[in-house]
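# here you go, sequence then predicted model.
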Amino acid sequence: MNRFKRTLTQRPWWLNIIWLFCLYMTFIYMPFDMFTKPYAQWEEVWFGVQLTGWPAKLTEPLHWLIYGAGSYGIWKMKSWMWPWAAVYASQIVIAMFMFSILERGLAEGLVGGIVAAAVFSIPAIALWRAKFLFQDSK
């Protein structure tokens, strides 16, 4: 078994999916988002609050840094990834719930927010429970 396959087999399949998502965001989506999107499409969401224009553009490097750290940290199974991956995933749960309510209002957004939060709770809980996995592989 080659080194790449061996590295992939040292973590659960769901963590490999999160790692691939971080790679995609770091090397494909974020550079595209930062350097090619027109001003009218600049937006970022933090804790469910949508930022547009310059506030979005100024916070965008933080998202890029988070995904880059996730790419490296999951690949190397760095101990510092726990609890930070779980904290960030939990922030996404809050964001999905709040965004739905803020965008659609309480009456229309509550059910969608609960469903979205429930779906995103799955990886958040898995990451909270995965402390034993993050042991700084070589």
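Arrived safely.

# which helix or strand lies directly C-terminal to the helix or strand bottoming out on mean pLDDT in the chain?
One helix or strand of the chain scores below all others by mean pLDDT, DSSP states H and E: helix 3-9, with a mean of 84. For helix 3-9, the succeeding helix or strand toward the C-terminus, using DSSP states H and E, is helix 13-24.

# what's the mean pLDDT across that next one?
The predicted model gives helix 13-24 an average pLDDT of 97.

# what's the residue nearest the centre of the chain sitting at in phi/psi?
Residue closest to the average C-alpha location in the chain (CA atoms, centre = their mean): Ala89, at 5.9 Å. Backbone torsions of Ala89, given as degrees, to the nearest 10, read phi -60, psi -40.

# for Pro38, same thing?
phi -70, psi 160.

# before we move on, what about Thr52?
Residue torsions, per degrees, to the nearest 10, at Thr52 are phi -130, psi 160.

# what bridges to it?
Beta-bridge partners of Thr52, counted by DSSP bridges, are Glu43.
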